[in-house]
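Engineer: Provide a 3D model corresponding to the input given below.
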Amino acid sequence: MKGLHTITWILVIIGGLNWLLVGLFGWDVGTIFGGMSAPISKIIYVLVGLSALVELFSHKKNCKACSTSGSMPSSTPNM
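Structural biologist: Numbering: from 1, shown residues only. Now for the predicted structure:
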């Protein structure tokens, strides 16, 4: 399951960076592969979307940082 988590996390990062490029420069990484109508681009977009769903539903139980006691570390000092 760790391998699937790693692959899906990488694909989610790639998708996020793609949206950053679209938002800032209007440039879609999918144009490298022939645009949205190219089969390889569609496959990549589907894999990124499925990866987001996998992360959404399984991240908490697969991520060591998220599943530790106390969930997320506190950024404010204890007084």
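
Engineer: Specify the local secondary structure of residue 35.
Structural biologist: Classification of residue 35 by DSSP: H, G, I helix; E, B strand; the rest coil places it in coil.

Engineer: Neighbours of it, how many?
Structural biologist: 10 (other Cβ atoms under 10 Å). (C-beta placed from N, C-alpha, C; glycine too.)

Engineer: Please list the outside residues in contact with stretch 44-54.
Structural biologist: Residues from elsewhere that reach stretch 44-54, judged by Cβ atoms under 8 Å, 6 or more residues apart in numbering: 4, 7-9, 11-12, 14-15, 18, 30, 33, 36.

Engineer: Go through those residues and single out the one with the most neighbours.
Structural biologist: That'd be residue 8 among those, by other Cβ under 10 Å, with 22 neighbours.

Engineer: tell me the contacts of that residue?
Structural biologist: Per Cβ under 8 Å, 6+ apart, neighbours of residue 8: 50-52, 54-55.
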